[in-house]
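Asker: 3D, please:
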Amino acid sequence: MNAIGKILETNRYARCVETSKRVRWDIDKDVIQGRLFDPSQKFLPEGLALADAFATLSPNEKRFVSQIQGRTYANVFGLVERFINAKVLELSHDHWFGDQVALEALVRFSDEELKHQALFRRVEALISEAMPAGYSFSWNPNDVAAVVLGKSSWAVLALTLHIELFTQAHYRESIRQDPELSELARDVFRFHWREECQHAIMDELEWRRVDAATTPEARDSAVDELIELVGAVDSIVTAQASADSRYFTATCGRRLDATSAEAVQQTMLAAYRLQYILSGARHPHFAAALASMTTESQQARIHAALAALAPPQMLNAA
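Answerer: Here you go, the predicted structure:
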């Protein structure tokens, strides 16, 4: 990297530090504020929950689906931020005796991710008080992190940028727009979004830094690893959609026949694939960053893997 490029990069890290200082928040004082989740309200907006696609459910049942999905949404973020934080700490080593502004930015990134994990543990505890017993989220964050961190930094950073970007899109396009959403849920995701904005900038800076030192052969292998990571995410959301649909069927207050129960499960899965995979993959900034670092044939491999997760009828329902 030339001197001008290095200065510009340092300036971007510096702006992330300034933003981190300006938007910093406290879990109890700013977010929770002594409030509880109200079971008469939605916990995730209709657009993300694909409420309209649950065609056989009543309005109250659709609201309950949004609460189940909102609970899982918080738990998924608590899960992924475990491996994101570990990767950020690992990458910070490269700056120990170099760019101290970049080092400060990454240390702040790590501190905020630890706070986010604590926030989502609080959210799970609070939501559990507002919902019937029987919900299950059995994924161990350390086990998942071990699998993810076994891949190259290139692949992990690509996945991480994808996650940070869909977080922002979800808040801007759906969460802040829904007047029927729980105010506590809105605040949880609003404050989370405020700190994730600068995280996405650092994800891309680090991804491009790693990419610059990656050989074409290693990058081609990393593309395969990214596809494997997307497959791993899909395995998680597929299993969770099954668990969440069983929970809904057991606690919704009426007996669902086999056809209706299957429809709930398939729609739940479509919603989760939209939320955790497709909305990030389709994000224009992610698509542009990925295209700038990969060949057309590599992009085609990624797109083929994603196409298998996006039945046209469910994309139309979204």
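
Asker: those helices in the stretch 51-200 of the chain, which residues are they?
Answerer: Assigned by DSSP state H, counting those that start in this stretch, the stretch 51-200 of the chain shows helices spanning 59-92, 100-130, 141-148, 153-173, 183-212.

Asker: Residue 220: which of these is closest?
Answerer: Nearest to residue 220, of all those, is helix 153-173, at 10.4 Å by C-beta to C-beta. Just so you know, the C-beta spots here come from the backbone N, C-alpha and C atoms, and that holds for glycine as well.

Asker: Surely residue 53 touches residue 269?
Answerer: No: look at residue 53 against residue 269 with C-beta atoms under 8 Å: they stay out of range, at 11.0 Å.

Asker: Would you enumerate the residues in contact with the residue nearest to residue 229 when sequence neighbours are not counted?
Answerer: Spatially, and ignoring its direct neighbours in sequence, residue 229 is nearest to residue 159 (4.9 Å; C-beta to C-beta, 6 or more residues apart in numbering). Residue 159 is in contact with 148, 226, 229-230, 233, counting by C-beta atoms under 8 Å, 6 or more residues apart in numbering.

Asker: can you do 10 Å?
Answerer: Contacts for residue 159 (C-beta atoms under 10 Å, 6 or more residues apart in numbering) come out as 80, 83-84, 87, 148, 151, 203, 207, 225-226, 229-230, 232-233, 280.

Asker: Equivalent analysis for residue 106, please.
Answerer: Contact analysis of residue 106 by C-beta under 10 Å, 6+ apart lists 13, 16-17, 88-95, 99, 202, 205-206.

Asker: Pick out the most distant pair among those.
Answerer: Greatest spacing in the contacts of residue 106, by C-beta to C-beta: 17 and 90 (19.7 Å).

Asker: neighbour count winner among these two?
Answerer: Per other C-beta atoms under 10 Å, whichever of residue 17 and residue 90 has more neighbours is residue 17, with 18 against 13.

Asker: what mean pLDDT does the helix or strand where that one lies have?
Answerer: Taking DSSP states H and E as the criterion, residue 17 maps to helix 3-23. On average, the pLDDT along helix 3-23 is 84.

Asker: Output it as CSV, nothing but the C-alphas.
Answerer: What follows is helix 3-23, C-alpha atoms only, in CSV (Å, rounded to 0.1, in the frame of the first residue of the first chain):
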residue,chain,number,x,y,z
ALA,A,3,1.7,6.3,1.6
ILE,A,4,-1.5,8.1,0.6
GLY,A,5,-3.5,4.9,0.8
LYS,A,6,-2.1,4.2,4.2
ILE,A,7,-3.1,7.7,5.4
LEU,A,8,-6.6,7.3,4.0
GLU,A,9,-6.9,3.9,5.8
THR,A,10,-5.8,5.3,9.1
ASN,A,11,-8.2,8.2,8.7
ARG,A,12,-11.1,5.7,8.3
TYR,A,13,-10.1,3.9,11.4
ALA,A,14,-9.8,7.2,13.2
ARG,A,15,-13.4,8.1,12.2
CYS,A,16,-14.5,4.7,13.6
VAL,A,17,-12.9,5.6,16.9
GLU,A,18,-14.6,9.0,17.0
THR,A,19,-18.0,7.4,16.2
SER,A,20,-17.5,4.8,18.9
LYS,A,21,-16.9,7.5,21.4
ARG,A,22,-19.9,9.5,20.3
VAL,A,23,-22.6,6.7,20.1
